[in-house]
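what's the 3D shape of this:
(chains A and B)
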Amino acid sequence: MPDNLSKLKSYREIDSVKDYRRLMKAYYLIAKNPKWFGKKVAWITSGGAVEPLYAMGVLPFYPENYGAMCGAARTAVSLCETAEAEGYSRDLCSYARCDIGSSFSGKGPLGVLPKPDFLVCGNNICGTVIKWYEIQARAFKVPLFILDTPFIHTELQPHTVTYVRKQMEEYIAFLEKMVKRPFSEQRFLKVSARSLEAVRLWKEILELSRNRPAPFAAFDAFIHMAPIVTLRGTRWAVWYYQKLKKELETRIKNNQGAFAREELRLIWDNIPIWYDIRNLSKMLSRQGAVLVADTYTSAWTLRPVDLDNPLESLSRSYASVHLNLGLDHKVNKMVELMEDYQADGIIMHSNRSCKTYSLNQYDLKKRVVERTGKPGLIIEADHTDARSYAPGQVEKQIETFIEMLKKR
Amino acid sequence: MTAETAFSKIIQELGEIASWNYPEIASHLPPERRALAYFCPFVPEELIQAAGAVPIRLMDTPVKISHAQAHLPAYCCHFVKSALENYLRGDLDFLRGVIFSQSCDSMKGLADIWSLKGRLSFQSNLMVPARLDSPLARDYFKIELEELKKTLEDRLGKITRENLQESVRLFNLLREQIRKLYGRMRSDPLRMSGEDLARIIQAGYRMDRDRYLEILSRLLELWPEQPLGKSPAVPLFLSGNVAHSAGWFSLIDEAGGRIVQDDLCTGGRLLRLQTREDLDPLEALVERYFSAYICPTKYQGPFAHQETLFQEIKESGAKGVIFLFFKYCEPYYFDYPDLKKYLEAQGLPTLLLEIEDPSQAREQLKIRLQAFVEMLS
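Take a look at the predicted model:
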């Protein structure tokens, strides 16, 4: 995740960011050189069940995080073009195009990506990942495990829980075959306990921004979310979030916000526009408008794991992530965020690359505005492909929106 | 009436049915049967039929998108946009209800918008597992189908085992007739155009199925034994999603090609849904989705799509493949580069046609098709 906000005067740098950088450097050092550490590598989707992987000593690599990294490093467009030259349509998800382009060219912020020993795909975030992982299974000639979590339009059904739990058992058997080692119940419990702790800390960190001024803006969360995604289940994620939380609590004690000035509190919906985070943050901080919460980073505040029944509770948890829920759930979540964080409005990113997130946004906005009485703005972009973004137009839209909010 | 005239009259009749708009479909339904809509083949038509309703398949229409723009972003396929447009305009108010099934991300989103607007008295969401390679998914899907059956019984009427068996038989017979029709198109290519074939298949999704079986059987009976001669047109395989407008077929006819087989979701792919009659009917309906490759939104192994497609192309005798995709259809566009590479490595040239809506400029597509056909001639 990008960490270049510190140069803004109106922005308060988070001290822990140094530890964050060290931590993520160490993670990518291992990910790039798994053989040095005797690790097998599994490519896994961002919403995939990572705990069994860590329990089996396998290193997870996240192509979506890599896509975000390409976006932030502004290398995404050339990687997308490489994929397009191979026949992949420009209308396809740009995370996938970055990853595919990188696989073809060996280029990108990490150079040649670590070859997966196998792939683990959870479709709780979208159907796109199934196609993307099929492509990589063919390209790398490695096994693919799909953890299927049927979409929840209304309620999570008992037979869905059974289906997902049984697949978890199948997943474990798959891992045993891949690493040629029996699964350790004890080790899994330890990893699950660490995952539970990291998720709890991450949730508490995000909730600290219910304070006025908010100590942690969504732009910070976009950066500092990397450990909850990649290192969930390790002691490193727990260690890092304990440290970050402490720092933010001190900010609250000292009445310090993420931005020097907080006049407006906003909620962000969808994945960030990675290549323009710095510019948007600068613009918002100038206006005293803080993104106090978002629907993206809060997606990793998963339901807590029940350590007496970890497989069942992990199944429930992974089946019910934000993107696997229907419109009513999304409206309720957004209204809850608006109320809990005392927000003045919403900025929604209509993201060409993510239909799961974006398809219902017009109705989502309409219903949230009706229920909260707070206005919303939809801006159009793509999470990593800057060719689908008109920055001048979006800035103007946001400025006008903020002006309107200030007059209310 | 001569046999030849009767033959032409049937083609004309089915062509008219295919061109009906929704109010016309409604006015031609048998009075004792209500219409129940669905979008994709994962919803078994057999269950709807057995419950006493007529299954109406919702397909893309050339409607001007206006109301739907307030609900959907631009980067969404015409199929989804036109379905929502028809729904919001009230064109579908004659339906008793609709059954959505889990397929692509856009359809998931459409199901929620549909439900929010609540124009129809009932909507059911059939959750189809994304992996159709596992006994766990089979158990799950069986429960889903049992629940759908209960819902239909509550809304429409009891579905007995006998009713369902009869319905399975009816749809198997229909598919057998359609298989024969494709066969006749190959052996006697000058008799009927690809455009007519498209209309005949389209008509079947919007009318009483007993009547459809009657008409199809009559058409095949009247089809002369002696072929009209050899066609100079290039035999082509049409591969794609739900784009079934007869206009695309006529474009291929005009360019000098002829479709010998297709795997369109609304076309030849339905032949893969043949259902075993020696099993419990519900069990057999579940089983068919696990024994054939139906849709790229589902996982049945990383090579399932290319293996199935290649096999069907080989059997059809096609000399080239046309991919016809709605723009923004992720599952197909993700598969396309590997399919193209694989087929071309087997000596099968391919051409991709991307379409947004049926009203778009045909001439540009026709020029590309003509160049492709010329290359194969």
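
For chain B, which segments count as helices?
B:3-18, B:22-27, B:45-50, B:78-89, B:105-117, B:135-155, B:161-187, B:194-204, B:209-222, B:246-254, B:281-291, B:304-316, B:330-345, B:362-376 (DSSP state H).

Can you tell me which of the ones you listed is most buried?
Most buried of the helices of chain B by mean neighbour count (mean count of other C-beta atoms under 10 Å in any protein chain shown) is helix B:45-50; its value is a mean of 27. From N, CA and C alone the C-beta is placed, and that goes for glycine too.

Can you pull out the low-pLDDT segments for chain A?
For chain A, the stretches flagged by pLDDT under 70 are A:1-9.

outside of the helix or strand of chain B with the lowest mean pLDDT, which residues touch it?
None of the helices or strands of chain B scores lower by mean pLDDT, DSSP states H and E than helix B:246-254, at a mean of 89. With contact meaning C-beta atoms under 8 Å, 6 or more residues apart in numbering or on different chains, helix B:246-254 is reached by B:15, B:18, B:193-199, B:202, B:233, B:236, B:238, B:258-259, B:322, B:324, B:353, B:355, B:358, B:362, B:365-366, B:369.

Next: stretch B:183-192.
So stretch B:183-192 is contacted by B:11, B:194, B:197, B:220, B:223-224, B:227-231, B:233, B:235, B:258-261, B:316-317 (C-beta under 8 Å, 6+ apart).

Worst mean pLDDT among the helices of chain B?
The stretch with the lowest mean pLDDT among the helices of chain B is helix B:246-254, at a mean of 89.

Residues contacting whatever helix or strand A:Ala31 lives in, please?
Element membership of A:Ala31, judged by DSSP states H and E, is helix A:17-32. By C-beta under 8 Å, 6+ apart, the surrounding residues in contact with helix A:17-32 are A:1, A:3, A:6, A:36-37, A:39, A:41, A:59, A:61, A:110-111, A:114, A:223-224, A:226-227, A:230-231, A:236, A:240, A:243-244.

out of these, which are buried?
A:1, A:3, A:39, A:41, A:59, A:61, A:110, A:114, A:223-224, A:226-227, A:230-231, A:236, A:240, A:243-244 (16 or more other C-beta atoms under 10 Å in any protein chain shown).

Out of the residues you listed, list just those in strands.
Assignment to strands by DSSP state E places the following of the buried ones among the contacts of helix A:17-32 there: A:Val41, A:Leu59, A:Phe61.

buried residues in stretch A:128-148?
Quick answer for stretch A:128-148 (16+ other C-beta under 10 Å): A:128-137, A:140, A:142-148.

meant to ask about stretch A:358-369
A:Ser358, A:Leu359, A:Asn360, A:Gln361, A:Tyr362, A:Asp363, A:Leu364, A:Lys365, A:Arg367, A:Val368, A:Val369.

Could you do stretch A:279-299 as well?
Result for stretch A:279-299 [16+ other C-beta under 10 Å]: buried residues A:280-285, A:287-299.

First residue to last residue on that stretch, what's the distance there?
One end of stretch A:279-299 to the other measures 24 Å (C-alpha to C-alpha, to the nearest Å).

and what of stretch B:41-54?
15 Å.

Without its sequence neighbours, what residue ends up closest to A:Leu264?
A:Ala289 (4.2 Å; C-beta to C-beta, 6 or more residues apart in numbering or on different chains).

Let me see the contact set for that neighbour.
A:Ala289 neighbours (C-beta under 8 Å, 6+ apart): A:Glu263, A:Leu264, A:Arg265, A:Leu266, A:Ile402, A:Leu405.

So is whichever strand or helix holds the last one next to chain B?
A:Leu405 is located in helix A:391-407, with elements delineated by DSSP H and E. No. Judged by C-beta under 8 Å from any C-beta of the partner chain, helix A:391-407 makes no contact with chain B; its nearest approach is 14.8 Å.

buried residues in that helix?
A:Val394, A:Gln397, A:Ile398, A:Phe401, A:Ile402, A:Leu405.

and that helix, what does it pack onto?
Applying 3 or more C-beta pairs under 8 Å, 6 or more residues apart in numbering or on different chains; DSSP states H and E, we find helix A:391-407 packed against strand A:264-269, helix A:277-286, strand A:345-351, strand A:376-381.

Now do it: distance to the chain's middle.
For helix A:391-407, the separation from the chain centroid amounts to 26 Å (computed by C-alpha atoms, centre = their mean, to the nearest Å).

what comes into contact with it?
A:263-264, A:276, A:279-280, A:283-284, A:287, A:289, A:344-345, A:347, A:375, A:377, A:379-381.

With stretch A:273-280 instead?
Contacts of stretch A:273-280 (C-beta under 8 Å, 6+ apart): A:2, A:4-5, A:8, A:68, A:71-72, A:74, A:76, A:219, A:222, A:349, A:381-384, A:386, A:389, A:391, A:395, A:398.

Return the subset of those lying in helices.
A:Ala68, A:Gly71, A:Ala72, A:Ala76, A:Phe219, A:Phe222, A:Pro391, A:Glu395, A:Ile398.

Surely B:Pro302 is in contact with A:Arg138?
Yes. With contact defined as C-beta atoms under 8 Å, B:Pro302 reaches A:Arg138; the gap is 4.9 Å.

Which strand or helix spans A:Asp81?
You called it Asp, but residue A:81 is Glu. Going by DSSP H and E, A:Glu81 is in helix A:76-85.

Is there any residue in that helix that contacts chain B?
No. Judged by C-beta under 8 Å from any C-beta, helix A:76-85 stays clear of chain B, getting no closer than 8.6 Å.

how close does the residue of the stretch 201-350 of chain A found nearest chain B sit to A:Val129?
Distances between the stretch 201-350 of chain A and chain B by C-beta to the nearest C-beta are smallest at A:Leu327, namely 3.8 Å. A:Leu327 sits 21 Å away from A:Val129, going by C-beta to C-beta, to the nearest Å.

Chain neighbours aside, what residue packs nearest to the closest residue to chain B within the stretch 301-408 of chain A?
Of all residues in the stretch 301-408 of chain A, the one sitting closest to chain B is A:Leu359 (3.2 Å; C-beta to the nearest C-beta). Excluding the flanking residues, the one nearest A:Leu359 by C-beta to C-beta, 6+ apart is B:Gly109, at 3.2 Å.

For that neighbour, give me its contacts.
A:Leu327, A:Lys355, A:Thr356, A:Leu359, A:Asn360, B:Leu72, B:Val80.

so the last one makes contact with B:Met107?
Think B:Val80. Yes. Between B:Val80 and B:Met107 there is a contact under C-beta under 8 Å: 6.8 Å.

Skipping adjacent residues, who's closest to A:Trp268 in space?
A:Asp294 (3.9 Å).

most centrally placed residue in chain B?
B:Thr266 (1.0 Å; C-alpha atoms, centre = their mean).

how much space between it and chain A?
According to C-beta to the nearest C-beta, to the nearest Å, B:Thr266 stands 20 Å off from chain A.

so that residue sits right up against B:Val242, yeah?
Yes. The pair B:Thr266 and B:Val242 qualifies as a contact (C-beta under 8 Å) at a distance of 5.1 Å.

what's the overlap in contacts for the two?
Common contacts of B:Thr266 and B:Val242 (C-beta under 8 Å, 6+ apart): B:Met59.

ok, A:Asp15 - how many residues close by?
11 (other C-beta atoms under 10 Å in any protein chain shown).

Now do the contacts for it.
So A:Asp15 contacts A:Glu247 (C-beta under 8 Å, 6+ apart).

For it, which three-state class applies?
coil (DSSP: H, G, I helix; E, B strand; the rest coil).

now it: how far from chain B?
On the measure of C-beta to the nearest C-beta, A:Asp15 and chain B end up 40 Å apart.
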